[in-house]
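Trainee: The following comprises the amino acid sequence and a computationally predicted model.
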Amino acid sequence: MTIGKLIDGKAFAATLRDKVGEGVAGFVEATGRKPGLAVVLVGEDPASSVYVRSKGKMTVAAGMESFEFKRPDSIGEEDLLDLIEELNHDDRVDGILVQLPLPGHIDEAAVIGAIDPAKDVDGFHVVNSGKLATGQEALVPCTPLGCIMLLKDELGDLSGLEAVVVGRSNIVGKPMAALLLAESCTVTIAHSRTRDLASVVHRADIVVAAVGRAEMVKGEWIKPGATVIDVGINRVTDTEDGKARIVGDVATAEALAHVRAITPVPGGVGPMTIAVLLRNTLVAAHARAGLGKPEGL
Ligand SMILES: Nc1nc2c(c(=O)[nH]1)N[C@@H](CN(C=O)c1ccc(C(=O)N[C@@H](CCC(=O)O)C(=O)O)cc1)CN2
């Protein structure tokens, strides 16, 4: 039995961060200032706190300015919107990111909609999602763009390939489908209500699993030789040793016997999210400084 390859997202992300660092040095030389990223964290969700800390550290390591704004769970929507308005007008800030999820009493769409689209380094604003959907230059959501980078690195030209995206979220599923379409793939978006999901997935040369259910995509669903991108991060308790661990949306051990290549969880797509965020911040800084697109990114 042949075994597929594990795609090393951690190594790819490290290389991308290095390239961003070089781009930042050029930006500083050209403008005399550092690109700046503002990250807003509401509440104390442990996973969100870890991600925000990593974003801050990696922003600084890439030579950029990091601004962190921590607000309590109890913050009102109006106060949060006021903070975003302030950041929209702060010239030191090229990118604004509000860590998700937000507490239930805050309207996520209203908060994202308040971010200046030119500083929307998450690419979640409807102006950016609309531009992406219509094939215009946009700030693109980090996780899907990271997935495309990994796919192109593994497969080269994606044109004409059959791609199935399992999951229809605004953050991953929909932008992922738009990006695959822009690469001239034949794209299907499947989801929890899709009938006979196994046979839909079995058609795909590229499977992107972003449904948020631990190991839902089974090995035997995968067409032999397909490439699988697993976006899921699900915390589970091991039945044997009782320890907590994270698994993806794909049953990786089974899938390895079928795939050409697959991203592991952890160490696959996850690390790409922050690396692409740094890339998007540099892209936004370039555009705001009238420098066009940074080279090689
Ligand atoms: N405003 C945003 N909020 C959220 C986003 C986002 O892109 N923008 N994505 C996720 C969280 N996230 C970054 O914010 C993120 C998730 C996972 C990883 C990562 O490196 N994961 C590791 C495993 C980490 C672990 O053990 O928990 C991996 O997969 O190897 C980085 C960033 C939701 N919110």
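Mentor: Cool, the structure landed. Numbers count the residues shown, from 1 in each chain.
Trainee: phi, psi of the residue in the stretch 1-150 of the chain that the ligand sits nearest to?
Mentor: In the stretch 1-150 of the chain, the residue found nearest to the ligand is residue 100; the distance is 3.7 Å by Cβ to the nearest ligand atom. No exception for glycine: its C-beta is placed from N, CA and C like everyone else's. Recorded main-chain torsions at residue 100 are phi -110, psi 150, according to degrees, to the nearest 10.
Trainee: so what's residue 160 closest to, chain neighbours aside?
Mentor: Nearest residue to residue 160 in three dimensions, chain neighbours excluded: residue 184, at 6.4 Å (Cβ to Cβ, 6 or more residues apart in numbering).
Trainee: To what extent is the residue of the stretch 1-150 of the chain closest to the ligand buried, counted in neighbours?
Mentor: Here the count is done by other Cβ atoms under 10 Å, and residue 100 has 15 residues near it.
Trainee: can you pull the contacts of the nearest residue to it once chain neighbours are set aside?
Mentor: Closest residue to residue 100 in three dimensions, ignoring its sequence neighbours and counting by Cβ to Cβ, 6+ apart: residue 108, at 6.7 Å. For residue 108, the residues meeting the contact criterion (Cβ atoms under 8 Å, 6 or more residues apart in numbering) are 100-102.
Trainee: Kindly report the domain assignment for the chain.
Mentor: The record's domain split for the chain, according to automatic domain parsing, is 30-119, 142-271.
Trainee: any chance of those domains in a markdown table, plus mean pLDDT?
Mentor: Converted to a markdown table, these look like this (pLDDT from 0 to 100):
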| stretch | mean pLDDT |
| --- | --- |
| domain 30-119 | 98 |
| domain 142-271 | 97 |
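Trainee: right, so these: which one is the most enclosed?
Mentor: Mean neighbour counts were taken over these using mean count of other Cβ atoms under 10 Å, and the top value, a mean of 19, falls to domain 142-271.
Trainee: does any bit of that one sit next to the ligand?
Mentor: Yes. Taking Cβ under 6 Å from any ligand atom as the criterion, domain 142-271 and the ligand are in contact, through 142-143, 233, 246, 265-267, 270-271.
Trainee: that older thread, now render the domains of the chain as a markdown table, adding distance to residue 125.
Mentor: Shown next, in a markdown table, are the domains of the chain (distance: least, Cβ to Cβ, whole Å):
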| stretch | distance to residue 125 |
| --- | --- |
| domain 30-119 | 5 |
| domain 142-271 | 11 |
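Trainee: which residues touch the residue of the stretch 1-150 of the chain closest to the ligand?
Mentor: 48, 108, 171.
Trainee: chain center to stretch 245-253: distance?
Mentor: Its chain's average C-alpha position is 18 Å from that of stretch 245-253, according to Cα atoms, centre = their mean, to the nearest Å.
Trainee: Name the surrounding residues that touch that stretch.
Mentor: Under Cβ under 8 Å, 6+ apart, the answer for stretch 245-253 is 166-167, 207, 209-219, 228, 230-238, 262-266, 268.
Trainee: Please name every helix or strand in contact with the helix or strand where residue 276 lies.
Mentor: Using DSSP states H and E, residue 276 sits in helix 270-288. Using 3 or more Cβ pairs under 8 Å, 6 or more residues apart in numbering; DSSP states H and E as the contact criterion, the elements in contact with helix 270-288 are helix 9-31, strand 36-42, helix 46-61, strand 95-98, helix 142-155.
Trainee: give the contact list for the residue most central in space within the chain.
Mentor: Of all residues in the chain, the one closest to the mean position by Cα atoms, centre = their mean is residue 143, 1.4 Å from it. Neighbour list for residue 143: 171-172, 210, 231, 269, 272-273, 276 [criterion: Cβ under 8 Å, 6+ apart].
Trainee: rerun at 10 Å
Mentor: By Cβ atoms under 10 Å, 6 or more residues apart in numbering, the contact list for residue 143 reads 122-123, 169, 171-172, 175-176, 210, 229, 231, 269-270, 272-274, 276-277.
Trainee: repeat for residue 26
Mentor: With contacts defined as Cβ under 10 Å, 6+ apart, the neighbours of residue 26 are 282, 286, 291, 294-295.
Trainee: Residues in contact with stretch 188-196: which ones?
Mentor: Outside of stretch 188-196, the residues that reach it under the criterion Cβ under 10 Å, 6+ apart are 162-169, 173-174, 176-177, 180, 197, 200-204, 207-213, 216.
Trainee: ok, the residue in the chain that the ligand sits nearest to to residue 216 distance?
Mentor: Checking the chain residue by residue against the ligand with Cβ to the nearest ligand atom singles out residue 270 as nearest, at 2.0 Å. When Cβ to Cβ, to the nearest Å is applied, the distance between residue 270 and residue 216 equals 18 Å.
Trainee: now swap in residue 289 and tell me
Mentor: In this view, residue 289 and residue 216 are 44 Å apart by Cβ to Cβ.
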